[in-house]
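>>> Here is a sequence with its predicted model. Questions after.
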Amino acid sequence: MIQGVLPRRLQRTKANGLSNRTNLFAGSKPIPNEPSLEEIELFWENLLMRMLTIGVPTYNRINAVLRLITQFIEQGTFKVAHIVVLDDGSSDGTYGALSAQQAIINNDVRVIRNEVNTGYAKSFLRLFQECKTEYLLIMADDDMLVAENFEEINSLVGKIRPDFASPQFLINGSIYRGMSKTGDISPGDFILCCSHAPGLIYRIESCRAGLELLAARVELECAEALIYPQMVLVVSLLSNNARCFWLALPVAYEMDNSPSGIRDVSGAPYWCLESRWKQLKAIDNLLSSMLEDGSRSAVLQMIRAHRERVFSSLTIAIETECVELRSAFDKGAESYYLNRVLKRVSGMGFLRNFVRSRVSPSKSKQHCRA
């Protein structure tokens, strides 16, 4: 473990048997190029102060991830957080390019890789396995850190000690995810707080049970686990009344709107209608399975929130694939639900006429024929 985080000069000291802080320089002359006692003291103090790891999974985005790592180094982020980059079997030379960076050579940034591409969910799980600090923050390789807020977020996490935290995430300067006030996340907000993954913060120890559940569902190729692994963890935490918080500070922002490579087990992109339907069913299955094991009230709130978004999720998926079919779908839905209303008020002539008057004559005839 130490070999992976010690700077090279300190590794040499350790290898030479000089890492014992009581007899570092037992000889009469200091050893050339070896760290001073003050340097080693400062290193260990900084190491102990770091309670957060930034994990960055990357796949075939060499320029984006190099830009992010450059920001970490230039802004000094590596001084207050461990940084781990996981190359998920890239074929564009990402691992070699990262390994050649001076920051990696100095061990300010740790780079690991999967020999073959395993997919987002398994890379997500591995970052938890590789994390040696209390908290893990996972960044997307094509986003950027709001560096000026990072120390304050680090301090806020240390003060609140959440099991999970959802800071603000920005797109074009506006809040895409997050709240304007720091406070508790209610179970009914489980989708809002975690459907967008970059910048979310997890307490490793609190996530143990959720990680086991996630690993099992990934092996079963459950749609929600493959595409939204973070959601499985958050659902597990909220169902057990864990300390989950909104943080009213932006931690990251979108730099590139890169196409996502996340796909379901059939190879379909996560945003298509077929995949969305699988995800919705899988999330419903996951939540329903928790009714006996977790807080029933919390789980019921999550089920209600999930089912309320089914229609909008499907219509958005239809529009993403084919705008013309979204228009046809909307017309069909209007016709179907209006006819249901008309049937219910069939014995109430005045109300039936009122409902019909709210639509155009042409639509009224169309609805009556449907």
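Happy to help now that I have it.
>>> pLDDT below threshold where in the stretch 1-150 of the chain?
1-35, 39-49 (pLDDT under 70).
>>> Strands along the stretch 51-200 of the chain, start to end?
52-58, 82-88, 110-114, 135-138, 143-145, 164-171, 174-177, 183-184 (DSSP state E, counting those that start in this stretch).
>>> Which strands or helices does the fourth one pack on?
For strand 135-138, the packing partners by 3 or more CB pairs under 8 Å, 6 or more residues apart in numbering; DSSP states H and E come out as strand 52-58, helix 120-130, strand 201-203. For glycine as for every other residue, the C-beta is placed from the backbone atoms N, C-alpha and C.
>>> tell me the angle of the helix or strand that the last one is followed by relative to helix 120-130?
From strand 201-203 onward toward the C-terminus, using DSSP states H and E, the following helix or strand is helix 208-219. When axes from the mean of the first three to the mean of the last three CA atoms, to 10 degrees is applied, the directions of helix 208-219 and helix 120-130 differ by 150 degrees.
>>> on that earlier part again, same list, the helices and strands packed on strand 135-138, but as CSV with distance to residue 148 and mean neighbour count please.
Shown next, in CSV, are the helices and strands packed on strand 135-138 (distance: least, CB to CB, whole Å; neighbours: other CB atoms under 10 Å):
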stretch, distance to residue 148, mean neighbour count
strand 52-58, 16, 24
helix 120-130, 25, 19
strand 201-203, 17, 23
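>>> possible to save the strands of the stretch 51-200 of the chain as CSV with distance to residue 263?
Formatted as CSV, these follow (distance: least, CB to CB, whole Å):
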stretch, distance to residue 263
strand 52-58, 15
strand 82-88, 13
strand 110-114, 16
strand 135-138, 19
strand 143-145, 20
strand 164-171, 23
strand 174-177, 22
strand 183-184, 34
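>>> nearest to residue 253, of the helices and strands packed on strand 135-138?
strand 52-58 (14.9 Å; CB to CB).
>>> quick one, what contacts residue 227?
Counting by CB atoms under 8 Å, 6 or more residues apart in numbering, residue 227 makes contact with 120, 121, 262, 264, 270, 275, 279.
>>> Now do the same contact list for the first one.
The neighbours of residue 120, taking CB under 8 Å, 6+ apart as the test, are 57, 88, 226, 227, 229, 261, 262.
>>> Nearest to residue 297 among those?
The closest of the contacts of residue 120, once distances to residue 297 are taken by CB to CB, is residue 229, at 25.1 Å.
>>> hang on, the earlier thing: among the strands of the stretch 51-200 of the chain, which is nearest residue 74?
It is, among the strands of the stretch 51-200 of the chain and with distance given as CB to CB, strand 143-145, at 10.9 Å.
>>> to the chain's geometric centre, what's the distance from that closest one?
13 Å (CA atoms, centre = their mean, to the nearest Å).
>>> Can you tell me the strand partners of it and which way each runs?
Its sheet considered, strand 143-145 pairs with strand 244-254 (antiparallel) by DSSP bridges.
>>> what are the bridge partners for residue 167, then?
residue 247.
>>> Test my guess that it contacts residue 245.
No - here residue 167 lies out of contact with residue 245, judged by CB atoms under 8 Å, at a distance of 9.4 Å.
>>> ok, those two, which is more surrounded?
residue 167 (26 against 22; other CB atoms under 10 Å).
>>> Quickly list the domain ranges of this structure.
Taking automatic domain parsing as the domain assignment, the ranges for the chain are 2-46, 54-259, 333-369.
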